[in-house]
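A.B. asks: how would this look folded up:
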Amino acid sequence: MSPPDRSTATILLVDDRPANLLALESALASPNYRIVKAESGAEALRFLLKDECAVILMDVNMPELDGYETARLIRRNERTRTIPIVFVTAFGAEERHVLAGYESGGIDYLLKPVQPEVLRSKVAGFVALHRARLEIQRQAELLREAERREHAHALAELELRALRRQQAMQRRYQTVVQALTDAVVWLLDPVSLACTFASPSVRKVLGFSPEQCLSDPRLWMERLPREERERFVAVVRSLEAGGAPASLEHRFLRADGRVASFETTVRLLVGEEPGRLELHGLSVDVTDAVRSREAIGFLSAASAELSRSLDVRSSVNAACRMAAGPLADACLVEVAPAGAAPVVAVAHANPARERDVRAALAGLSLERLRAVEVTDVLAADAPLEDGAEDARAAVARLGVRIALVVPLVVRAQRIGTLCLLAEDPLRFVGRPRDTAEELGARVAQTVDNALLHEDTRNAVQAREEFLSVASHELRTPLTALNLQARLLEQLVADGRLGVPPERQDDLQKRVRSMARQVGRLSALVNSVLDLARARSERLTLELATCDVAEIVRDVAGRFDDVLTGEGRTLRVEAEPGLVARCDRTRVEQLLTNLVANAVRHGGKGEVAVRAGRGEDGVFVLVADAGPGISEAERARIFDPFAQGRRAASGGLGLGLYIARKIAEAHGGHLTLESAPGQGATFRVELPSVDARALDAPLEAAAP
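C.D. replies: Numbers count the residues shown, from 1 in each chain. This is a model prediction of the structure:
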């Protein structure tokens with residue numbers, strides 16, 4: 001269809017009578033109109049299939065296809081549905097006819113005979129609307145065309161910017177690739193895995209030139225260890241073109257024979273040629289990081305192993321075994337601290353070769369081995385200090401090409417040597433030397449700790465023996481002094497010393513005070529003796545079947561006078577039939593210490609002692625109403641010489657320590673429950689026996 005002439009509007013006249021068509025044409029005759037006549041609805045539809053018009057004037061009463069049906073068909077067509085239709089009819093203007101016209105798609109209704117002025121006016125209005133619609137369509141088309149041109153221009157600008165960015169990125173990428181020092185960028189054929197590109201950094205990182213990598217297609221893969229080569233190929237085969245990259249850590253054999261560790265990221269991408277894939281890779285040298293990680297793990301495990309024992313020989317053997325394998329093929333450790341017997345340990349990564357190592361080093365003088373300094377390496381071309389020939393000879397007998405000697409030094413004094421032996425001359429290059437020196441420092445510290453522990457244990461044993469001997473020696477004169485004090489007290493009381501009556505009372509007070517001080521001194525000496533016995537685990541027990549309730553009442557009765565004098569009360573509750581196999585004297589000492597502690601630190605409140613039967617035996621509770629014990633004091637209350645807030649009350653601070661040791665010696669326990677402001681409760685638990693055992697004869701004393 002040719003584009004419409006916008007200066008001439010087409011008007012379609014539809015009527016089955018030519019006279020009516022002629023009358024309408026005459027009324028609308030104008031150079032601005034193109035009149036098209038159709039004598040039936042079908043002819044009008046055929047015209048509208050290939051052309052368009054500004055307005056349709058249609059007769060209603062036509063044979064075969066009337067005006068209403070024709071209007072409905074026009075409205076069904078998407079292209080013609082907006083053309084205004086004006087019905088022209090001779091029927092009366094009955095409401096049903098008008099409604100039928102509007103329902104069929106008409107927008108106006110004219111009755112014959114039509115007045116020319118009215119007809120021309122209505123047609124002119126519809127033509128004006130048609131031309132306005134055409135103008136709007138033209139403006140819209142122009143706007144769309146402008147938008148298309150603007151979009152194309154913007155798209156071209158974006159493509160140009162993207163191209164420039166891509167070129168800049170390529171330049172930066174090339175610059176980065178050229179500047180790499182600890183990483184290699186490479187391309188591999190994804191099928192043959194032959195290297196097609198390698199960055200210049202490959203020379204520094206791996207020792208190969210880029211030309212070597214390209215000339216030998218298998219070089220790249222053959223330098224991977226066999227087990228890691230298979231893993232690398234599996235990762236490559238799992239990649240998808242344009243998909244996510246994959247990373248793996250692997251080793252690589254350098255040109256000089258050393259093994260380096262790499263973190264490699266690979267990605268399968270489409271190459272410059274359509275349909276061709278390329279394997280892009282970036283391998284970062286992480287050798288130092290891997291060695292540091294391995295060294296940290298090795299030293300951590302070594303520290304844990306060395307801390308298992310404080311025996312010098314065990315520590316030396318452990319260090320030697322751990323170093324053989326991770327650090328060297330074989331290891332020798334010798335320790336000869338001042339005043340101690342030398343200890344030598346030898347180990348090999350292959351246990352079957354340890355005998356050969358021992359035989360080769362049997363004649364090696366430790367003094368000659370110590371002549372080598374920390375940074376010296378015994379190699380064929382290395383200069384030796386005077387007297388180190390024996391070391392070189394021993395290494396040669398083992399077929400070992402290199403040895404690293406690390407002195408073991410403690411407080412600026414050398415106490416031994418750590419010697420690492422290896423067949424590979426590159427074994428000690430880099431961080432392995434640092435790891436060996438750190439291991440040597442830890443071995444030396446462990447040996448020193450073991451020696452200090454031995455010295456401390458000997459000193460403690462000597463101290464305990466001294467305390468035991470001193471206590472025994474002090475008890476002899478104290479026993480005699482105590483007897484003399486009691487005899488003197490009796491003589492004063494009987495008046496047989498000839499003391500004037502006016503001085504009798506004063507002398508009696510002084511004698512009683514002296515007797516109390518002698519008794520107190522005897523108790524302190526006994527406590528020191530018990531301390532020595534408890535620390536050396538030599539508390540002797542004379543076991544017998546005892547009534548614990550009776551012991552509780554006897555001990556509590558000794559404090560009645562003291563508490564009564566202070567205006568305080570002592571409450572005792574003891575169930576009958578509480579039987580335990582124990583040392584009565586020691587249990588009395590235990591309970592006496594607990595009750596004395598409650599009396600001393602219980603303030604002005606009541607002291608309660610209760611004995612009963614528990615799940616696992618007999619228990620005794622000693623409680624006071626004092627100020628309580630803080631958490632910090634509870635943590636050390638059973639330590640020897642521990643003093644609470646009332647340290648001024650006297651004593652050595654051994655009572656509770658000895659009480660707990662007595663309970664533990666019986667197979668029982670002594671625990672404490674207390675809180676500030678709520679007093680303190682000590683609980684003693686002792687194993688019980690059947691009550692019928694009270695009638696059984698006492699057994700012989702057992703240590």
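A.B. asks: who does the helix or strand hosting residue 414 pair up with?
C.D. replies: Element membership for residue 414 (DSSP states H and E) is strand 413-422. Paired neighbours of strand 413-422 in the sheet (DSSP bridges): strand 330-335 (antiparallel), strand 402-410 (antiparallel).
A.B. asks: thinking residue 544 is in contact with residue 584, fair?
C.D. replies: Yes. Residue 544 lies in contact with residue 584 (C-beta atoms under 8 Å); the separation is 6.5 Å. Placement of C-beta: from N, CA and C, glycine included.
A.B. asks: model confidence over stretch 259-279, on average?
C.D. replies: The pLDDT scores in stretch 259-279 average 83.
A.B. asks: and if you look at stretch 320-333?
C.D. replies: Average pLDDT, stretch 320-333: 84.
A.B. asks: do you know which of the strands paired with strand 413-422 lies nearest residue 196?
C.D. replies: Between residue 196 and the strands paired with strand 413-422, the tightest spacing by C-beta to C-beta is seen for strand 402-410, at 39.2 Å.
A.B. asks: domain ranges for the protein?
C.D. replies: 9-141, 180-285, 297-536, 539-695 (automatic domain parsing).
A.B. asks: Would you mind giving the ones you listed as TSV with distance to residue 154 added?
C.D. replies: Listed next are those as TSV, based on distance: least, C-beta to C-beta, whole Å:
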stretch	distance to residue 154
domain 9-141	20
domain 180-285	27
domain 297-536	58
domain 539-695	76
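A.B. asks: what about the ones you listed, which gets the closest to residue 162?
C.D. replies: Closest among the domains of the chain, using C-beta to C-beta: domain 180-285, at 16.8 Å.
A.B. asks: which strand of the chain spans the most residues?
C.D. replies: The residue-count maximum for a strand in the chain (DSSP state E) belongs to strand 259-270.
A.B. asks: Quick check: next helix or strand after that one?
C.D. replies: Past strand 259-270, the next helix or strand by DSSP H and E is strand 277-285.
A.B. asks: What are the buried residues along that next one?
C.D. replies: Buried positions in strand 277-285, judged by neighbour count with 16 or more other C-beta atoms under 10 Å: 278, 279, 280, 281, 282, 283, 284, 285.
A.B. asks: Show me what that strand is in contact with.
C.D. replies: If you take C-beta atoms under 8 Å, 6 or more residues apart in numbering as the criterion, strand 277-285 is touched by 182-190, 193, 196, 205, 236, 239, 241, 252, 260-271.
A.B. asks: Could I get the full set of strands for the stretch 101-250 of the chain?
C.D. replies: Shown for the stretch 101-250 of the chain, the strands assigned by DSSP state E, counting those that start in this stretch span residues 108-111, 183-188, 195-198, 246-253.
A.B. asks: now the angle from the longest one to strand 277-285?
C.D. replies: So that's strand 246-253. Strand 246-253 runs at 60 degrees relative to strand 277-285, counting by axes from the mean of the first three to the mean of the last three C-alpha atoms, to 10 degrees.
A.B. asks: Now for this protein, the helix or strand with the poorest mean pLDDT.
C.D. replies: Across the helices and strands of the chain, mean confidence by mean pLDDT, DSSP states H and E is lowest for strand 377-378: a mean of 44.
A.B. asks: Report the residue spans of the stretch 601-703 of the chain with pLDDT below the cut-off.
C.D. replies: 641-653, 689-703 (pLDDT under 70).
A.B. asks: comparing the domains of the chain, which gets the lowest mean pLDDT score?
C.D. replies: When I compare the domains of the chain, domain 297-536 is least confident, with a mean of 71.
A.B. asks: closest to residue 556 out of the strands of the stretch 101-250 of the chain?
C.D. replies: Nearest to residue 556, of the strands of the stretch 101-250 of the chain and by C-beta to C-beta, is strand 246-253 at 74.8 Å.
A.B. asks: So which bits of the closest one are buried?
C.D. replies: Per 16+ other C-beta under 10 Å, strand 246-253 contains these buried residues: 250, 252.
A.B. asks: Stretch 254-272 now?
C.D. replies: Neighbour-count burial for stretch 254-272 flags 258, 260, 261, 262, 263, 264, 266, 267, 268 (criterion: 16+ other C-beta under 10 Å).
A.B. asks: What separation is there between residue 147 and residue 87?
C.D. replies: Plainly put, residue 147 is 41 Å away from residue 87 if you go by C-beta to C-beta, to the nearest Å.
A.B. asks: Going by residue numbers, what spans are helices in the stretch 451-600 of the chain?
C.D. replies: 504-535, 548-557, 560-565, 584-601 (DSSP state H, counting those that start in this stretch).
A.B. asks: Would you reformat those helices as JSON lines and include distance to residue 320 and mean neighbour count?
C.D. replies: Formatted as JSON lines, the helices of the stretch 451-600 of the chain follow (distance: least, C-beta to C-beta, whole Å; neighbours: other C-beta atoms under 10 Å):
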{"stretch": "helix 504-535", "distance to residue 320": "36", "mean neighbour count": "16"}
{"stretch": "helix 548-557", "distance to residue 320": "57", "mean neighbour count": "19"}
{"stretch": "helix 560-565", "distance to residue 320": "65", "mean neighbour count": "12"}
{"stretch": "helix 584-601", "distance to residue 320": "49", "mean neighbour count": "21"}
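A.B. asks: Let's have the ones you listed in TSV, adding distance to residue 131.
C.D. replies: Output for the helices of the stretch 451-600 of the chain, formatted as TSV (distance: least, C-beta to C-beta, whole Å):
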stretch	distance to residue 131
helix 504-535	122
helix 548-557	125
helix 560-565	127
helix 584-601	117
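A.B. asks: for the ones you listed, which one sits closest to residue 630?
C.D. replies: helix 584-601 (12.7 Å).
A.B. asks: Just the buried positions in the helix or strand just after the closest one, please.
C.D. replies: Next in sequence after helix 584-601, counting helices and strands by DSSP H and E, comes strand 607-613. Applying a neighbour-count criterion of 16+ other C-beta under 10 Å, the buried positions in strand 607-613 are 607, 608, 609, 610, 611.
A.B. asks: Stretch 186-204 now?
C.D. replies: Buried residues in stretch 186-204, counting neighbours by 16+ other C-beta under 10 Å, are found at 186-188, 190, 193-195, 197-199, 201-203.
A.B. asks: Closest to residue 504 out of the buried residues of strand 607-613?
C.D. replies: Closest approach between the buried residues of strand 607-613 and residue 504, by C-beta to C-beta: residue 607, at 36.4 Å.
A.B. asks: If the closest one is in a bridge, with which residues?
C.D. replies: Following DSSP bridges, residue 607 is listed with bridge partners residue 570, residue 624.
A.B. asks: who's in contact with it?
C.D. replies: Per C-beta under 8 Å, 6+ apart, neighbours of residue 607: 559, 563, 568-571, 595, 598-599, 622-625.
A.B. asks: 6 Å instead?
C.D. replies: 570, 598, 624 (C-beta atoms under 6 Å, 6 or more residues apart in numbering).
A.B. asks: so how far is residue 596 from the first one?
C.D. replies: From residue 570 over to residue 596 the distance is 12 Å, taken as C-beta to C-beta.
A.B. asks: Then residue 450?
C.D. replies: Taking C-beta to C-beta, one finds residue 450 at 42 Å from residue 596.
A.B. asks: now residue 454
C.D. replies: For residue 454, the distance to residue 596 - C-beta to C-beta - is 39 Å.
A.B. asks: before we move on, the earlier item: for the strand holding residue 414, list every residue counted as buried.
C.D. replies: Under the neighbour-count criterion of 16+ other C-beta under 10 Å, strand 413-422 has 415, 416, 417, 418, 419, 420, 421, 422 buried.
A.B. asks: ok, now stretch 129-143?
C.D. replies: residue 130.
A.B. asks: Over to stretch 633-643?
C.D. replies: 633, 634, 637, 638, 640, 642.
A.B. asks: tell me which element the closest residue to the fifth one other than its chain neighbours falls in.
C.D. replies: So the one you mean is residue 640. In space, residue 640 comes closest to residue 657 once its chain neighbours are excluded; the distance is 4.5 Å by C-beta to C-beta, 6 or more residues apart in numbering. Using DSSP H and E, residue 657 falls within helix 655-665.
A.B. asks: Run the angle between that helix and helix 584-601 for me.
C.D. replies: Using the same axes, to 10 degrees: helix 655-665 against helix 584-601 is 150 degrees.
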